[in-house]
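>>> sequence below, structure please.
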Amino acid sequence: MKCPLFVMLLGAVTATQGCTVDSRYGVLEDMAARVIVPTYATFLDRSEALAHDLDVLCSDPTAHRLERARAAWREACAPFKRSEAFSFGPVRDQRIQAAVDFWPLRTARLEQHLQQITQPTVKIIDERGATAQGLPVLEYLLFVPAPVTEALAALTDDNQGGSRCLFAAAVARHMYGKARVLHSAWTATDGYRPSFTQAGKYGTAFGSPREALELVVNRLLSLMEQVISMKLGLPLGKQSGGHPNPENVESPYSDNSVQDLLNNIAGVRELYGAVDDAAFARADTLRAFVRERSVEVDKLLVEQLLLVEQTLRAIDIPLSQAVVDRPDVVEAAYEAAKGLKLRLATDLATQLNATVTFTDNDGD
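Modelled structure (predicted):
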């Protein structure tokens, strides 16, 4: 028997007048409502705050205001790094990922932009492409040189008309614009959210809820591969015969690399629903869906998530320093991340009946 619409929207496996509802719809709606949309809303708010702080800094430069802008940069980074766990849909389709977080930073190309552009605007930043945009560019401008007084002098150099600060302000406003587009793409009535949460019913992005969850699983695997190979493996020297490459950490100028990684894993944990001990009791989380099928698989997944976070927190010095002075500590995080990727590719994918299409050669 066909389910009434109001029953279908409940998104749980429910017997009503002889009909059943696929509980995967509830899982998809939970991801969107509890994690994805709120995370993009936080990024929107924090990118706006960063743009405001940079406008204030450029209008009246002080060390205190630069410190505030640096803090605002870190605050804006956090939700976007968490969102890498669900970096699919509009953020990719509209090339927002590259506009916000294109790394490694091409410093030589950025310096060319800085020399060529003396009156930066959002339009000009947009035309220059990813090498002039986003969080890595702002990190470079706000944190180089590291001492606040020297960085402030570089930003407001009279010989360049203070154009580096104005450039940073334009980049921040450009990023705020991208955050608005991304948030709207998920929250608009005819946006991506209904296509994702009601997969197969709208006939646009997905043919079924299984396809939507397959995308989720493969995106998580893509992120974990990036964590393993690029964010930890490359600095550790896994691709250079064991010789560390500290210059290849993700956020080299702000020493935010470990926090970036913790935010990546927090995004995975939030999407899974392992936020607190009570989370799995909610019938619509991915964790509850898995737990109903195998308590043991849920236990293994949560334990591995916590292990990755634990080993990352053990890196209590900048990652660029740790790969040289304490590689064993970084190695522990590297191995834990590999273990989490394996759990996602086998245990989680199996419970969701999802086909793993991601390969180690796939990249961001």
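>>> and for A185, the neighbour number?
18 (other CB atoms under 10 Å). For every residue, glycine as well, the C-beta is placed using N, CA and C.
>>> give me the pLDDT for it.
Model confidence at A185, expressed as pLDDT, equals 97.
>>> do the same with A151
Looking at A151, its pLDDT stands at 95.
>>> ok, A108 - how many residues close by?
A108: 8 surrounding residues under other CB under 10 Å.
>>> state the next helix or strand along the chain beyond the host helix or strand of it.
Here A108 is covered by helix 107-116, with elements defined by DSSP states H and E. Read in the C-terminal direction, the helix or strand following helix 107-116 is helix 122-128, with elements assigned using DSSP H and E.
>>> what is that next one packed up against?
On a contact count with 3 or more CB pairs under 8 Å, 6 or more residues apart in numbering; DSSP states H and E, helix 122-128 meets helix 163-187.
>>> okay, now the nearest residue to N218 once chain neighbours are set aside: neighbour count?
Taking CB to CB, 6 or more residues apart in numbering, and ignoring the residues beside it in sequence, N218 has F358 as its nearest neighbour in space, at 4.4 Å. Neighbouring residues of F358 were enumerated by other CB under 10 Å; the total is 21.
>>> same deal with G241?
6.
>>> can you tell me the closest non-neighbouring residue to A69?
Once its chain neighbours are removed from consideration, A69 has its nearest residue in D53; the separation is 4.6 Å (CB to CB, 6+ apart).
>>> same question, F143
Residue nearest to F143 in three dimensions, not counting chain neighbours: Y253, with 3.9 Å by CB to CB, 6+ apart.
>>> ok now do P318, which residues does it touch?
Each residue near P318 by CB atoms under 8 Å, 6 or more residues apart in numbering is listed here: 249, 255, 257-258.
>>> will you turn those into a markdown table that also has pLDDT, neighbour count and secondary structure?
Putting the contacts of P318 into a markdown table (pLDDT from 0 to 100; neighbours: other CB atoms under 10 Å; DSSP: H, G, I helix; E, B strand; the rest coil) gives the following:
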| residue | pLDDT | neighbour count | secondary structure |
| --- | --- | --- | --- |
| V249 | 98 | 26 | coil |
| D255 | 97 | 16 | coil |
| S257 | 98 | 23 | helix |
| V258 | 98 | 23 | helix |
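>>> among those residues, which one sits closest to C77?
When the contacts of P318 are ranked by distance to C77 (CB to CB), S257 comes first, at 10.7 Å.
>>> how near is the closest one to P145?
18 Å (CB to CB, to the nearest Å).
>>> likewise A266?
A266 is 30 Å from P145, where distance means CB to CB.
>>> can you check C165 too?
Relative to P145, C165 is positioned 15 Å away (CB to CB).
>>> tell me the pLDDT at the residue nearest to F143?
Value listed for Y253 in the pLDDT field: 97.
>>> SS state for it?
State at Y253, reduced to three classes by DSSP: H, G, I helix; E, B strand; the rest coil: coil.
>>> put the alpha carbons of the helix or strand where L44 lies into CSV.
Using DSSP H and E, the element containing L44 is helix 37-59. This file holds the C-alpha atoms of helix 37-59, laid out as CSV (Å, rounded to 0.1, in the frame of the first residue of the first chain):
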residue,chain,number,x,y,z
VAL,A,37,22.5,23.4,7.2
PRO,A,38,23.6,24.6,10.7
THR,A,39,27.3,24.2,9.8
TYR,A,40,26.9,26.3,6.7
ALA,A,41,24.9,28.8,8.7
THR,A,42,27.7,29.1,11.2
PHE,A,43,30.2,29.5,8.4
LEU,A,44,28.0,32.2,6.9
ASP,A,45,27.9,34.1,10.2
ARG,A,46,31.6,33.8,10.9
SER,A,47,32.7,34.7,7.4
GLU,A,48,30.5,37.9,7.7
ALA,A,49,32.2,38.6,11.1
LEU,A,50,35.6,38.1,9.5
ALA,A,51,34.8,40.5,6.6
HIS,A,52,33.6,43.1,9.2
ASP,A,53,36.8,42.7,11.3
LEU,A,54,39.0,43.2,8.3
ASP,A,55,37.1,46.3,7.2
VAL,A,56,37.6,47.7,10.7
LEU,A,57,41.3,46.8,10.7
CYS,A,58,41.9,48.5,7.4
SER,A,59,40.1,51.6,8.4
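>>> immediately after it, which helix or strand?
helix 63-83.
>>> what comes into contact with that next one?
Under the contact criterion CB under 8 Å, 6+ apart, helix 63-83 has outside partners 36, 39-40, 42-43, 46-47, 49-50, 53-54, 56-57, 91, 100-101, 135, 138-139, 142-143, 148-149, 151-152, 155, 175, 251, 254, 256, 259-260, 263-264, 266-267, 270.
>>> which stretches of the chain aren't confidently modelled?
Counting by pLDDT under 70, the ranges of the chain that qualify are 1-20, 158-162, 202-204, 276-281, 359-364.
>>> repeat that for 80
Along the chain, the model assigns pLDDT under 80 to residues 1-21, 158-162, 202-205, 276-283, 358-364.
>>> and it, what are its domains?
Residue ranges for each domain of the chain read 26-195, 208-352, as given by automatic domain parsing.
>>> would a markdown table of the contacts of P318 with distance to V329 be doable?
As requested, these are arranged in a markdown table below (distance: CB to CB, whole Å):
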| residue | distance to V329 |
| --- | --- |
| V249 | 14 |
| D255 | 16 |
| S257 | 14 |
| V258 | 11 |
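>>> in the helix holding L44, what counts as buried?
Taking 16 or more other CB atoms under 10 Å as the basis for neighbour counts, the residues of helix 37-59 that come out buried are 39-40, 42-55, 57-58.
>>> that older thread, more neighbours: which of C165 and P145?
The neighbour count for C165 versus P145, taken as other CB under 10 Å, is higher for C165 (26 against 12).
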